[in-house]
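In: need coordinates for the below:
(chains A, B, C and D)
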Amino acid sequence: MSDSAAIVDRAHADHKAHPTWKQYKWVALWLTVITAVEVWVYYTPFRESPLFAPTLLAMSAAKFAIVVMFYMHLKYDHWVFRRLFVGSLVAAMGILMALLFLFSKLKIG
Amino acid sequence: MNRTPTLRLGPTLMLVGAMLALAACSTQTYPNSTFTSHTDLNADINAVWNRVFVLGMAVFVIVELLLFYVIVRYRGKPGAPMPKQVHGNHTIEMIWTASPILILIPIIVPTVKTTFKTQAPAAAGSLQVEVYGHQWWWEFRYPELGIVTANELYIPTGKTVNFTLQTRDVVHSFWTPRLAGKRDLITNKVNHMWYTPDPALAEDVFNGFCAEYCGTSHANMRFRVYTVSQQDFDSWARHQKTEAIGSPALAAARVAADSAARRAPARASVIPAAAPAPVEDAGYVFPAGKMGAHTVPKTPMPASVKFDDALLAQGDAARGRTLITTPANLGKAGCLTCHVIKGEQAYVNDDVARGPNLTHVASRHTIAGGIYPLDPSHLAHWIKNAQVMKPGTSMNTFGLGEYSPLLKGKVTVGLTDAEIADVVAYLLTLK
Amino acid sequence: MASSAAPAPAFAAAPAATGQSGLWSWLTTVDHKRIGMLYLWTSLAFLFVGGTEAFILRLQLAHPNGQVVSAEVYNQLFTMHGTTMIFLVVMPLSAAFFNFLIPLQIGARDVAFPRLNAFSYWVYLFGGIFITLPVFFNVAPDAGWFGYAPLTTNQFSPGIHIDFWVLGLQILGVSSLAAAVNFITTIIHMRAPGMSMARMPMFTWMSFVVQFMLVLAFPAITIALFFLQFDRFFGTQFYELAAGADPLLWQHLFWIFGHPEVYILVLPTFGLVSEITPTFSEKPLFGYNVMVFSGILIGFLGFGVWAHHMFAVGMGATADTIFGIGTMLIGIPTGIKIFNWIATMWGGNLRFTVAMKFAIAFVALFLIGGVSGVMHASPPTDLQQTDTYFIVAHFHYVLFGGSVMGIMGGIYHYFPKMTGRFLSEKLGNWHFWMFFIGMNLTFFPMHFSGMLGMPRRVYTYDAGQGWDTFNLISTIGVVFQGIGLFVFAYNFLKSWKGEKNAPGDPWSAGTLEWSIPSPPPEYNFAQLPIVTSRYPLWDIKHPERTAELRHSDPDTAVVAEAHGVPMLEQTETRTAKALGIPMPFPTIKPLFAALFMVMLFASLIFLHTASLQVAVVSMIGTTLLFIGAVYSWLTSPLE
Amino acid sequence: MATAAIAESSAAPHGEHTHYTTTGLENRKIAMWTLIGSECMIFASLISTYLVYKGRSKVGPWPHDWGCKTSAIVGKTAAAVQAAGCAAADVMKPVLDIPITSQSTFVLLMSSLAMVLALEGVENHGKPGYDRWYKGSRFWLAMTALMGAAFLGYQAYEFTSFVHEGLTIRTNLFGSSFFTLTGFHGTHVAVGVLWLVSLLAIDMKRGLKGATDVLLVDIAALYWHFVDVVWIAIFTLIYLIQ
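Out: So this is what the prediction gives:
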């Protein structure tokens, strides 16, 4: 059947340009550097610091976000995908935090 | 399809009638009612309940009436013009979005207060009681008093009791409807609950239940709570602490004496002697005459377990004791491999015992997780084939030639009926 | 077995809605309407299984110290009653409507993945048979529908009872998850021109929310079951008492699934009732936006309140309070919905068809469940209510008074659309009143027996506890329900073969599914409709009814320009082939893939009944078969 | 489910555009993202379990601490354990091997780079500059699969050495939750490798090109990257943070 080219075109217009080769390589470099820092920190006295875990979590979250945004194109792709993923991720993190709190692995305040 | 029968009132009236019936209820008719204030905890719970109930009923009545009004008022008439097409009304929608909050706040405030109040640590100086759940019976310990007992709990009125709740196997829930809400016994976890029984409760008895499904005989995991005066409690506790029998030598003498005066009515059954801790009398026991009808078990005995009660008259306690304490007999009468009788040879301690501590079993009113009364006949049936008397129980079938569901076959090494009568006679001396 | 055998003859006998007939056409169908019908038949068959289980339970409890069944049998029956009603009856009844209605309501020709859809159904059917069969051999699961660890471990549940439960739920989870992914894609992606989110019918909206709940809630139980499966078959320690395991882990993971599950069961019914009440009030749904929003809010809050099932486990006052308040807040969106349904009827011209009666009864009864729900949202009062018959009363008001009554309304409402035939209103009235009286007789007294101290899940209780009368009334109520069920079955079977006299729009409704013939042709819409408002059919037939709504928006304009045709009431009944509409080929492959997958799961049981070798050989064999079936499915053309 | 969703896909060249769609997106891509959302919950449940059970095992070996085979002694160093009364022969070392796992983490991260380059190769098939072997999809698909296989090799090595040190899935709560979590992830990697190999096979046979094939690789890529980000979380939460 004759299809609504207009709508399809509009949808495609929502796609921004994909990242390029160059960007992909920069992303890979960043991932490597962050991982290296993570492992390095593990072998320093900083490991005993109360800030160790938060720092590592922040680095891990950064890597997570970079891969999702650039390699999975979420930054560039249709909003439907963004919503599907971010919504689920928020729910999953919420459940994880709640469980840690309920089992006293995480204290409020 | 355009018929317009009116909705009938019948069911609604019926429900109202049922509610009125409940309003007229008494503890006599409803002996496990949760609507009581016998303890501070239940009084607190009921204060919240009353608030929730009144508001809930208000919502219920108003909305159902509204619905009913709409049904009657706007029932269709053939040929009626098309109703006004209303798609919504922001003001009205805002009102009924906001109004539930007004109903919830008066519920939330007492809820939060009571939740924190009732879960605060118990006051110092409370009576400590440890509750252990087992499939399917209850173990009660008084660590400060050195008492281990089962299925029947004594607590003094007017004194705060602090329960420490644990389980030896699966999840159970400790519930005495008339005294308090429930608290689960969670594997590898220690829970707490405390309350203070009203002083007016002296010499009363309450039914308790396991409220968390825990396997085959979940329904058969019951218990009794006796609320007694402090004085009676002390008397009871003093006796429960003792070995029922004293030293083995003394015990033999005592059992012999007991056998002679078998099944005499309750009396000073312990022979005064130079036991490590001399005992003057049997101590206080909740009087059988005061057991309300609802607390005396009426579970019918399975027809397949047959025992001639006449044999019980010939039971000999001394023989019974010899039977179960002779190591060579452990195969056919291995009571002590699962039960502790303080003063007798121990094969297990209370921490690993699979059955209740029997030191003062004869001072109890029920057996088998509170589903049968403690009397010679029930005891004999129970020993003969507990597997049939209580589905799934870990207590073996001991009657020779009986079919044991556990073994999936007949018992070939077991007790004859006469021997069972002897064991019963012995157990009944354990006041 | 009744459940699987019952539908077959009827399939063969009934002239199929899409012009094909014969058993083979049903086994190979990928048509969403026929799959919906398969779901309907199968879940109604399971309803009889679950109902029979309930009847035996009530016979046992009619009198104190009942002797009808043994403790072991009773425990199997109550476990299977819950499991059956939740996973094999109410969820698939909803799925029947998802399948049948969603594409019709959004103006699509099929779901996004027609063959995956068939796969979901067959997995459900085989999984349902797998978990139900043991009932007949006295080896059914017996640890309750939420199987609290460590009762379910090998230590406390030796034998294969629990194996069936663990594996059966995993299988059914696969079915639900596959279906949910399918419907999410369908709803996001396959709406007709002009069918914006803000114009979707309420049933589709509520279904949309439900699919997300399925996708996010099922993983928790999948993992919890996975641990149990490993414990039972491979000796891991997740729930082992001796290893220091914390059984609250199971409870939390289970209820992270279990509470959203309650809304998964009831939200589709909210949708159905929101379709029925406007139609028979001759008014549009009151407060559409708020209804959508409150549905989403219920779904969202539904994920944050699971621990209210666990107030007695000793989580501490802070957690109790948080979950208690959260639970009460769910009352707000639920209350909004109830008020909006009443407002929809307000000022209307109510036609009391059987469907409408069920819908009204739904509102009245669900309210009772809602009010008692708030009563145990408060942790202190819940300590007296949890695990008693009060809770049993509560959730039956929600799930029977709510879900089942609403779904029954849906069946009466949509039967003409599904089959082209009407269900008898006369028999329907009998059905309705038997259900209404019966369910109140059964479940209302349970409020009392619970508050008067009766714990749930007991196979027996002693005389003189003050519960005798209430229990007897409850049992009598079941007799009424049973009569109602048989009247319904008779009505259903008779009407299935009755006179084909239903027009496309028998009730003067406003949504798309009524704009096509009854039953719809295989391609649904000969011409894709262009949607101009929430009630496209009224736009055509009664423009005055939708005058208030916004009709123009960029979407409509663009689409109208591209297509140049308005939405029409369609009467086309020629075949897809004649019209040149590409339709997916029928295929047996999803059925085989489902069968082999279920057999793969079932092979694990050999670990407990046969030997390791047998299990491994069987698993490898079924895995190869499964891969073969999927490969063959993958490489065959869709249409 | 992943398989079933793709199932619809390989029916391939029947031209999606004969069907009307609301968004102009691809069914299979929406399904994949939905599935990834579901997987988030799966791994959240698994990781929660690991963290909840952390430190609750009754016997060793432990993830980060030294232990003793004959008693419940735990210590930060071997010396501490011995000082607490454990015979030297019974000392158990911490099982987690950070250097090895850092390497496997790096390999998996780089496989994601290879994956995007493979997708880029398919998208630009036949365009100038993309005809060279090191810019084509075959090379990068092969690299991705190879790195995935290498990761699995590392994991096999890790599991074997744990078993040698006395930690199996049945030993303690740590063993159960660790092996299940990482094993579950490893299974995802294995499925991914098989998927990539089958794409590679198609590529070798007829060449991956055109919109349909881009989609095919795109979906596989989404899955692969997701498996990668899950490992990013696991590496930090399980291996690095104590």
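In: report how many residues lie close to C:Phe136.
Out: 10 (other CB atoms under 10 Å in any protein chain shown). Just so you know, the C-beta spots here come from the backbone N, C-alpha and C atoms, and that holds for glycine as well.
In: ok, it to chain D distance?
Out: 31 Å (CB to the nearest CB, to the nearest Å).
In: kindly report the same for C:Ala95.
Out: In terms of CB to the nearest CB, C:Ala95 sits 16 Å off from chain D.
In: show me what contacts the closest residue to that residue other than its chain neighbours?
Out: Nearest residue to C:Ala95, sequence neighbours excluded (CB to CB, 6 or more residues apart in numbering or on different chains): C:Tyr39, at 4.9 Å. Shown in contact with C:Tyr39 (CB atoms under 8 Å, 6 or more residues apart in numbering or on different chains): C:Pro92, C:Leu93, C:Ala95, C:Ala96, C:Asn99, C:Tyr121, C:Tyr124.
In: work out for me the element C:Tyr39 sits within.
Out: helix C:32-61 (DSSP states H and E).
In: could you give the separation of that helix from the chain centroid?
Out: Once both centres are worked out by CA atoms, centre = their mean, to the nearest Å, helix C:32-61 turns out to sit 12 Å from its chain's centre.
In: report the buried residues of that helix.
Out: Residues C:32-58, C:60-61 are the ones in helix C:32-61 that count as buried (16 or more other CB atoms under 10 Å in any protein chain shown).
In: again with stretch C:620-636
Out: Within stretch C:620-636, judged by 16+ other CB under 10 Å, the buried ones are C:Thr622, C:Leu625, C:Phe626, C:Ala629, C:Val630, C:Tyr631, C:Trp633, C:Leu634.
In: which pLDDT value goes with C:Lys494?
Out: As predicted, C:Lys494 sits at a pLDDT of 93.
In: ok, and does the lengthiest helix in chain A reach over to chain B?
Out: In chain A, with assignment by DSSP state H, the single longest helix is helix A:79-102. No: Helix A:79-102 is not in contact with chain B by CB under 8 Å from any CB of the partner chain; minimum separation 12.5 Å.
In: tell me if that helix is near chain D.
Out: Yes: Helix A:79-102 lies within reach of chain D by CB under 8 Å from any CB, at A:80-81, A:84-85, A:87-89, A:91-93, A:95-96, A:99-100.
In: what about the helices in chain A?
Out: Using DSSP H, helices in chain A cover A:5-14, A:21-42, A:52-66, A:79-102.
In: please parse chain C into its domains.
Out: For chain C, automatic domain parsing gives the domain ranges C:29-510, C:512-579, C:588-639.
In: start and end of the last one, how far apart?
Out: Read it as domain C:588-639. Domain C:588-639 has an end-to-end distance of 14 Å (criterion: CA to CA, to the nearest Å).
In: got it, and the first one?
Out: Taking CA to CA as the measure, domain C:29-510 stretches 29 Å from start to finish.
In: what does the second one give?
Out: According to CA to CA, domain C:512-579 extends 20 Å from its N-terminal end residue to its C-terminal end residue.
In: avg pLDDT for it?
Out: 76.
In: returning to what we had before: chain D next: which of the buried residues of stretch C:620-636 are close?
Out: Within the buried residues of stretch C:620-636, those near chain D by CB under 8 Å from any CB are C:Val630, C:Trp633, C:Leu634.
In: what is the nearest of the residues you listed to chain A?
Out: C:Leu634 (23.7 Å; CB to the nearest CB).
In: mind checking how far that closest one is from C:Asn99?
Out: Going from C:Leu634 to C:Asn99 by CB to CB, to the nearest Å gives 23 Å.
In: repeat for C:Trp514
Out: 18 Å.
In: who has more neighbours, those two?
Out: More crowded of C:Trp514 and C:Asn99, by other CB under 10 Å: C:Asn99, with 28 against 25.
In: what helix or strand is the more buried one located in?
Out: helix C:91-106.
In: show me how chain D divides into domains.
Out: According to automatic domain parsing, the ranges for chain D are D:27-53+D:96-240, D:59-94.
In: nearest to chain B, of those domains?
Out: The nearest among the domains of chain D, by CB to the nearest CB, is domain D:27-53+D:96-240 at 10.7 Å.
In: what's B:Tyr154 sitting at in phi/psi?
Out: In terms of degrees, to the nearest 10, the main-chain angles of B:Tyr154 are phi -100, psi 130.
In: and for it, the neighbour number?
Out: Neighbour tally, B:Tyr154, other CB under 10 Å: 22.
In: likewise for B:Gln231?
Out: Neighbours around B:Gln231, by other CB under 10 Å: 11.
In: so does the helix or strand encompassing D:Val229 get close to chain C?
Out: Taking DSSP H and E as the definition, one finds D:Val229 inside helix D:210-234. No: against chain C, helix D:210-234 shows no contacts by CB under 8 Å from any CB, the least distance being 11.3 Å.
In: tell me the buried residues in that helix?
Out: D:212-234.
In: that one to helix A:52-66, inter-axis angle?
Out: Helix D:210-234 and helix A:52-66 are oriented at 180 degrees to each other (axes from the mean of the first three to the mean of the last three CA atoms, to 10 degrees).
In: for B:Thr111, what are its contacts?
Out: B:Val48, C:Thr321, C:Gly324, C:Ile325, C:Ser378, C:Pro379, C:Pro380.
In: next up, phi/psi of the nearest residue to C:Ala71 once chain neighbours are set aside, please.
Out: Once flanking residues are discounted, C:Ala71 sits nearest to B:Pro391: 3.9 Å by CB to CB, 6+ apart. Torsion angles at B:Pro391 (phi, psi; degrees, to the nearest 10) stand at phi -60, psi 130.
In: surely B:Pro391 and B:Thr216 touch.
Out: Yes: if you go by CB atoms under 8 Å, B:Pro391 and B:Thr216 touch, sitting 5.0 Å apart.
In: what residues are shared contacts of these two?
Out: Joint contacts of B:Pro391 and B:Thr216 (CB under 8 Å, 6+ apart) are C:Ala71, C:Glu72.
In: where does pLDDT dip in chain A?
Out: A:1-18, A:106-109 (pLDDT under 70).
In: for C:Tyr124, see how far away the residue nearest the centre of chain C is.
Out: Chain C has C:Met91 as the residue nearest its centroid, 2.0 Å off, counting by CA atoms, centre = their mean. Separation of C:Met91 from C:Tyr124 (CB to CB) stands at 9 Å.
In: which secondary element of chain C has the worst mean pLDDT?
Out: helix C:7-13 (a mean of 34; mean pLDDT, DSSP states H and E).
In: give me the domain ranges for chain A.
Out: According to automatic domain parsing, the domains of chain A span A:3-77, A:78-109.
In: which parts of the shortest one are buried?
Out: When neighbours are counted by 16+ other CB under 10 Å, the buried residues of domain A:78-109 are found to be A:78, A:80-82, A:84-85, A:87-89, A:91-92, A:95-96, A:98-103.
In: same question for stretch B:67-77.
Out: Neighbour-count burial for stretch B:67-77 [16+ other CB under 10 Å]: B:Leu67, B:Val70, B:Ile71, B:Tyr74, B:Arg75, B:Gly76.
In: quick one: mean pLDDT over it.
Out: On average, stretch B:67-77 scores 91.
In: how far away is the residue of chain B at minimum distance from chain A from B:Glu344?
Out: Residue nearest to chain A within chain B (CB to the nearest CB): B:Lys189, separated by 10.9 Å. The gap separating B:Lys189 from B:Glu344 is 33 Å, by CB to CB.
In: could you do B:Val131 as well?
Out: On the measure of CB to CB, B:Val131 and B:Glu344 end up 25 Å apart.
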